[in-house]
Structure formats: structure tokens, C-alpha cells
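In: Provided below are the primary sequence and the corresponding predicted coordinates.
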Amino acid sequence: MTTVQKRRARARGGELDDCLRACAVHSGKVVGSIDRRRVELAEQLRKLLVVWGTTATSAPVPAPAGGATALLKRAVKGAAAPASAIPGELLDALLAVANKALECGYDDELDLALVISDTVLAQRKNSRAGWRLRARLLEALGEESEAVEAYEKYLALTDDDGFGVRAKIAGLRVAADKERELLELLKRQSPRAAEFTRRAATDVWAEGLAAHAVGDWTEAEPRLVGALLTLAAEGAPVADRQELLSQYLDLRTTESTDLASLTEALALYAEQRRNRMRGPVTDPTVGGVQWISLGEFRNRIAGKSICLIANSGRVGASSMGAEIDAYDLVVRFNSYRIDPKHTGGRTDIHATIHKHGFNWDQQIDTRLVFGGISGDWKYSLRNRLVPGAQAFLGDESLRWPVRNIGRLSADVWSGIPTTGFNMLYLLDFLDVSPTLDLIGFDFYESGAYRVQEAMKLAITSVHEYTSEKAWVMQRAQSVTDMRISLR
């Protein structure tokens, strides 16, 4: 029985009551954990149980013996939603738990996320967040073809691809094609491999390793390739196939004397890995964008009046559009929403966190992408930048202003700085603008005002909004209901 079959064999139903019981039981399992990801999961479970307590008609009861694991295929096949849909607040809390569980990546947490995924889609079959969660889970489990189906369902339900799903789908499809092409090449290069595809892959692989250990590559290679072909035919999880492909190529690198054949195989392996990680890159130069450094950015803004526009409900009802457009430079953030009467129509600088791609397709003069980890930041740029959508792009000197330019370590500033604070800190540090105004910054007191697809994103607790507000107010020269002037 393959790993995929075993997972499905132990699957259970995904009714709402069973799902909530499973969450209650799991909350006890992660209490006292020292794993940061499980600590964060425990906090989301606590919040869920609070929400459940305000909506439940009866007290929670222990989960049935053996736990409850979601039936992966149920929602994909279109299970009908029950008459009583899940309340919105409870839905959001469940999705927050599932996303944290997915980040954990451990089997128990993936099982919990699958319980929630199945329940959400059984209750709300057209939930965009539910389908995206389902797709990410399937991808994590190595079931790429089903992940693509779920991603496509998500795209069918939304007009805004802020999470880069189309690129993800394209990458997975190209990667699958290249992997098949690689396996066909290995089959041709090792004709005897077909002899070893009729037995268990694990046994054949072990025989191949044993032959290699005694220096008999002639007998080792067909067995190793045969095992790889069997795993692919059985639909083994992608992670398993990729690990063994890598091991095989490592061994072959030390043994092969045919460099041309080895190079051909390595090129296909690298191509399918690259597409799986980042998707196809049609224009590596990103439309001929010009990278700018800290000093070059300073020169571009020197002497100009600047306003920073909050994504707040206060801005969305402000009728300040004409005043906003009168500034020399208008800065907007992340998933900003345009309503010319209230928000103004111009955007000169788009400052965004690297983790999602909202508004990255909008035509902007300068785009600054912020991120705390260099590798993750570079990965997002490769995947999410839209060729021709920006004339200038901040380089790594502008990647994380509060930490890298201001040198404020976690000991000094414990919270993760928001996109708005990173941008404001950068402008204040450069100190070359005669006017520096914040419009509608009430630190989410009036709620969020974003593009529709981003409206359900949680206002995350990892930021120090209170500290950021205090920093701003200490430097404010004047304050009105809508405008905070720092110059």
C-alpha cells in the first residue's frame, strides 16, 4: 500500500461537530510545546475555542478513539453543503487554525488541517479560502495533480490572484512534465530498469543500494531506476520521488563515465525542481526593470512632498481624493484599494510585503518589496514580479528598513515591523522631504479598506501596532482627524 493509499484509508468524515472536537483534543496536545510553530497553533486553537464557546449549543465532548482525519477527495468531488452553513466568525477561526497547522508541517498537524479543510468545503463548497487551503494541503502531501484541480477551483471563484496561484499552477504542470521526461530519459539510458518494475519499490531500491555498496554499479543502476519508475507509476508523493531522484543522481555523479548523458539528466532534474519551486519565468529581466539602491531612492524623492495612504476605513470614506493627488508622491501599501473620490487615483510608490502579490500587476513608477529573510524575499521577487509593471525596484539595501537600515534589533523592537512602518521609517531616516504626511492612519480603529480578495486577511498579531503608533505620535508636528504631519 502506498503512502497516499494509507492516508486515504485512515480518513474519516468532516462534519462540523467532529471537526471542532478534533480541534479541542489537539489543543491539549500542543499545550506547553517549545516549538514556535506549535505555540502559534496553540494560540489560534485557543481563539477558535473561544469563538466556539460563544456559538455552540452544547459543551464539547472528547473526540472518538482513533481521531478524525479528513477525507481528501470528498470536497473535490463536490459534496453538498448542509442546510445550516458554518457561521462566518467560526469559519475564519477554523481557517486560521488550519493555516497554522499547515505551517507546522508535522503529520498530526496536517491531519488536523485536513479535517478542517474537508469541513469547510462540506459546509461552504464555494469558499475561496477553503479551496486555497485544500490546494496547499494537497501540494504539501505531494498530490500535485489534485492540488492543481483545487487551485483551479480557487481561481474560478476569484478575480484577484493576489497569492500568485496562476504561476503556481503553471510551475506544477511544467514540473510534472519535466519529471516524466526525466524518467523516460532514465528508462532509455538504463534499459534493464524495466525488469525491476514488477516488485515493491522499497525492496528493489534496497537491492540497488546494496549493489552500489559493494561496488557493482552495473547491477545497482537498473534497480534504482526501476524503483523510481515504480514510484512514479504508483503515484507516490512528490517529496518521496524527489528525494530518491536526488539520491540516485548523487550516486550516478560519482559512478558515471558518460558525462553527456549525466548532464542531460541533471539538466532535466534541475528544470523540474526549479519550476516546482518558483514557476516558469518568461522574462528574467522583469521587463527591463531598473534596480535602485538606498542612495538612488533618496535622490528620487529628495525635495518632494510625500503622503502615505493607509488602507483604512477612514480613508475609504474621506472624500480626500483631490488633496491626496496634489502631493508630489503618493505611497500606498500592500492590498490598497482605489476609489478616486476618497483615496485619490495616483500611486507613485507601492510598498508591499513579499508574502503576497496584491496589486503587483498595477503600473507603478517605484515598487519597494519588504521582507525579513533574504532568501524568501528573493524567491517572492522571482515568482511575483510582473514584467513591465514597475519602472524602478528596490534592491536588497531597501529590503528591510527598520532592521537593516535603522539597526533596530528584536531586543530593541520586538515586533515584526509592518509594511507601513518600514516605509515611514525609511522616509524619516532619509529626511529629504519637506512634507511627510500620513493620511487615514488610525492603526485599524476604523477597520481595513483593501481590495476585495484581501478583506478577509486577518490583522495579524505579530506587529507592534501600539509601539508604532507611539513612535509616530512622538514625531508628529501636527495631528488632525485624517492627517498626521511629520514635517
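Out: Everything's here; your move.
In: and the residue nearest the centre of the chain?
Out: Nearest residue to the geometric centre of the chain (Cα atoms, centre = their mean): residue 355, 6.2 Å.
In: pretty sure that one contacts residue 380?
Out: Yes - using Cβ atoms under 8 Å, residue 355 makes contact with residue 380 at a distance of 6.9 Å. In this view, the C-beta of every residue, glycine as well, is placed from N, C-alpha and C.
In: need the residues touching each of those two.
Out: With contacts taken as Cβ atoms under 8 Å, 6 or more residues apart in numbering, residue 355 and residue 380 have residue 371 as neighbours in common.
In: so what's residue 144 up against?
Out: Counting by Cβ under 8 Å, 6+ apart, residue 144 has contacts 138, 172, 175-176, 238.
In: kindly report the same for residue 384.
Out: By Cβ under 8 Å, 6+ apart, the residues touching residue 384 are 164, 167, 354, 357, 360.
In: nearest spatial neighbour of it, skipping sequence neighbours?
Out: Spatial nearest neighbour of residue 384, excluding adjacent residues (Cβ to Cβ, 6 or more residues apart in numbering): residue 357 at 4.1 Å.
In: what's around that neighbour, how many residues?
Out: 22 (other Cβ atoms under 10 Å).
In: got TSV for the contacts of residue 144, with pLDDT, secondary structure and neighbour count too?
Out: Shown next, in TSV, are those (pLDDT from 0 to 100; DSSP: H, G, I helix; E, B strand; the rest coil; neighbours: other Cβ atoms under 10 Å):
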residue	pLDDT	secondary structure	neighbour count
138	92	helix	22
172	92	helix	21
175	93	helix	22
176	93	helix	17
238	92	helix	21
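In: longest strand in this protein, please.
Out: In the chain, assigned by DSSP state E, the strand with the most residues is strand 364-370.
In: how distant is the next helix-or-strand element following that one from the center of its chain?
Out: Using DSSP states H and E, the helix or strand that directly follows strand 364-370 along the chain is helix 374-384. In terms of Cα atoms, centre = their mean, to the nearest Å, the centre of helix 374-384 is set 11 Å apart from its chain centre.
In: past helix 374-384, which element shows up next along the chain?
Out: strand 390-394.
In: buried residues, the helix or strand following that next one. List them.
Out: The helix or strand immediately downstream of strand 390-394 is helix 419-430, counting by DSSP H and E. Under the neighbour-count criterion of 16 or more other Cβ atoms under 10 Å, helix 419-430 has 419-428, 430 buried.
In: and of the residues you listed, the nearest to residue 474?
Out: Residue 474 lies nearest to residue 428 out of these, by Cβ to Cβ, at 11.1 Å.
In: so that closest one sits against residue 486, correct?
Out: Yes - applying Cβ under 8 Å, one finds residue 428 in contact with residue 486, separated by 6.4 Å.
In: list the residues that contact both of these two?
Out: The contact sets of residue 428 and residue 486 overlap at 436, 475 (Cβ under 8 Å, 6+ apart).
In: against which helices or strands is the helix or strand where residue 50 lies packed?
Out: Here residue 50 sits within helix 36-55, counting by DSSP H and E. Here helix 36-55 touches helix 16-29, helix 88-104, going by 3 or more Cβ pairs under 8 Å, 6 or more residues apart in numbering; DSSP states H and E.
In: ok, 10 Å please
Out: Applying 3 or more Cβ pairs under 10 Å, 6 or more residues apart in numbering; DSSP states H and E, one finds that helix 36-55 contacts helix 16-29, helix 88-104, helix 107-123.
In: how about that helix: buried residues?
Out: Buried residues in helix 36-55, counting neighbours by 16+ other Cβ under 10 Å, are found at 37-38, 40-45, 48-49, 51-52.
In: equivalent analysis for stretch 366-374, please.
Out: Buried, per 16+ other Cβ under 10 Å, within stretch 366-374: 366-372.
In: quick one: the helices in the stretch 151-300 of the chain?
Out: Using DSSP state H, counting those that start in this stretch, the helices of the stretch 151-300 of the chain run over 165-189, 201-213, 217-234, 238-255, 259-278, 294-301.
In: most packed of those helices?
Out: Neighbour counts (mean count of other Cβ atoms under 10 Å) averaged over each of the helices of the stretch 151-300 of the chain peak at helix 217-234, with a mean of 21.
In: quick one: mean pLDDT over that one.
Out: Model confidence over helix 217-234, given as mean pLDDT, is 96.
In: re earlier: a markdown table for the buried residues of stretch 366-374, including distance to residue 346?
Out: Compiled in a markdown table, these are given as follows (distance: Cβ to Cβ, whole Å):
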| residue | distance to residue 346 |
| --- | --- |
| 366 | 13 |
| 367 | 15 |
| 368 | 17 |
| 369 | 20 |
| 370 | 21 |
| 371 | 26 |
| 372 | 29 |
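In: between those, which sits nearest residue 186?
Out: Closest approach to residue 186 among the buried residues of stretch 366-374 (Cβ to Cβ): residue 371, at 37.7 Å.
In: next, the closest one: phi, psi?
Out: Main-chain dihedrals, residue 371, degrees, to the nearest 10: phi -170, psi 140.
In: that one and residue 399 touch, don't they?
Out: Yes - checked against Cβ atoms under 10 Å, the pair residue 371 and residue 399 is within contact range at 5.9 Å.
In: intersection of neighbour lists for these two?
Out: Counting by Cβ atoms under 10 Å, 6 or more residues apart in numbering, the common neighbours of residue 371 and residue 399 are 354, 377-378, 381, 422.
In: quick check: pLDDT value at residue 83.
Out: For residue 83, the predicted pLDDT is 39.
In: most packed of the helices and strands packed on helix 36-55?
Out: Highest mean neighbour count among the helices and strands packed on helix 36-55 (mean count of other Cβ under 10 Å): helix 107-123, a mean of 25.
In: so what does that one touch, helix or strand wise?
Out: On a contact count with 3+ Cβ pairs under 10 Å, 6+ apart, helix 107-123 meets helix 3-9, helix 16-29, helix 36-55, helix 72-76, helix 88-104, helix 128-140, helix 144-156.
In: follow-up on the earlier one: what about the longest strand of the chain, distance to the chain center?
Out: Worked out by Cα atoms, centre = their mean, strand 364-370 lies 20 Å from the chain centre.
In: please apply the same query to stretch 262-274.
Out: The answer for stretch 262-274 is 26 Å, by Cα atoms, centre = their mean.
In: repeat for stretch 182-197
Out: 36 Å.
In: quick one: mean pLDDT over it.
Out: Stretch 182-197 comes out at a mean pLDDT of 96.
In: chain neighbours aside, what residue packs nearest to residue 396?
Out: residue 374 (6.7 Å).
In: go on, residue 430?
Out: residue 298 (5.0 Å).
In: in the stretch 251-400 of the chain, what spans have low per-residue confidence?
Out: The stretch 251-400 of the chain contains residues with pLDDT under 70 at 281.
In: recalculate using a threshold of 90.
Out: The stretch 251-400 of the chain contains residues with pLDDT under 90 at 255-258, 274-288, 355-357, 373, 375-376, 378-387.
In: related to what we said a few turns ago, ok, and the most crowded of the shared contacts of residue 371 and residue 399?
Out: Neighbour max across the shared contacts of residue 371 and residue 399 (other Cβ under 10 Å) = residue 422, 27 neighbours.
In: turn the buried residues of helix 36-55 into a markdown table, including pLDDT.
Out: Output for the buried residues of helix 36-55, formatted as a markdown table (pLDDT from 0 to 100):
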| residue | pLDDT |
| --- | --- |
| 37 | 89 |
| 38 | 92 |
| 40 | 90 |
| 41 | 93 |
| 42 | 92 |
| 43 | 92 |
| 44 | 92 |
| 45 | 94 |
| 48 | 92 |
| 49 | 90 |
| 51 | 90 |
| 52 | 87 |
